[in-house]
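Student: take this sequence and fold it.
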Amino acid sequence: GNAVQRSADQSLLEMSDLAGSMIIDNSPAKIVAGKSSYDFATETVQVSGPMSFDSGAGYSLVAHDVNVAMKSQMVRSQGMLTVESNKGYSVSGSDVSYAMRSQQLSSPGIVRFRTTDGYVLDASNVLVDMAGRRMQSLGPANGQTNLGTFRAARLLADLGVRTVTLSGNVQLRINQYVIR
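Tutor: The predicted structure follows:
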């Protein structure tokens, strides 16, 4: 790749065709991005366009238009962000924050949880703990599963055993044709 710092007075390093390695949780990780800039003062990387990240900790990340805080290892995406686990599931959404150290993803918008065998849980306004395979709402939530749609004041889900607990003003619409 290429890197240019316009002057010594600027704390901004402009990069293109970025490819690099770093250590996260004692595991090697690789990052690939097109056009980006690194701000020395704030220790952040701003990526315009697509970015891919492959961790040695069992997950990969693909995102668009992101800001990465290097010190806290927090990724904020204005575009689509997808985290894929090597355990057969993925989580994606727009306007997402993802903490690489704790493997937690949050968004006020719709977050999509998918497994390779077809299980689906879409919910808004949630926090997903990828390592613990749990989802909880950050306030009122609505969404859908393979069985139908829901709305509730609170959502708790164990994604490993596929249980969803809804509480407070629950509205549930079950698609009867799915149940057999």
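Student: what residues sit buried inside stretch 98-117?
Tutor: 98-100, 103-107, 110-111, 113-114 (16 or more other C-beta atoms under 10 Å). C-beta here means a position set from N, CA and C on the backbone, and glycine is covered the same way.
Student: from those, pick the one nearest residue 157.
Tutor: Set against residue 157, the nearest of the buried residues of stretch 98-117 by C-beta to C-beta is residue 113 (8.1 Å).
Student: report the secondary structure state of that closest one.
Tutor: Counting by DSSP: H, G, I helix; E, B strand; the rest coil, the backbone at residue 113 sits in strand.
Student: any regions of this protein where pLDDT drops low?
Tutor: In the predicted model of the chain, residues 1-10, 22-27, 180 satisfy pLDDT under 70.
Student: now with 80, please.
Tutor: Residue ranges of the chain with pLDDT under 80: 1-16, 18-31, 55-58, 178-180.
Student: what's the most distant pair in the buried residues of stretch 98-117?
Tutor: 100 and 110 (21.8 Å).
Student: and of the buried residues of stretch 98-117, the nearest to residue 11?
Tutor: residue 100 (23.2 Å).
Student: nearest spatial neighbour of residue 30, skipping sequence neighbours?
Tutor: Once flanking residues are discounted, residue 30 sits nearest to residue 54: 4.7 Å by C-beta to C-beta, 6 or more residues apart in numbering.
Student: tally of neighbours for that neighbour?
Tutor: 16 (other C-beta atoms under 10 Å).
Student: cool, residue 146 as well?
Tutor: Residue 146, neighbours per other C-beta under 10 Å, totals 12.
Student: surely it meets residue 120?
Tutor: Yes - Residue 146 sits in contact with residue 120 when judged by C-beta atoms under 8 Å, with a separation of 5.4 Å.
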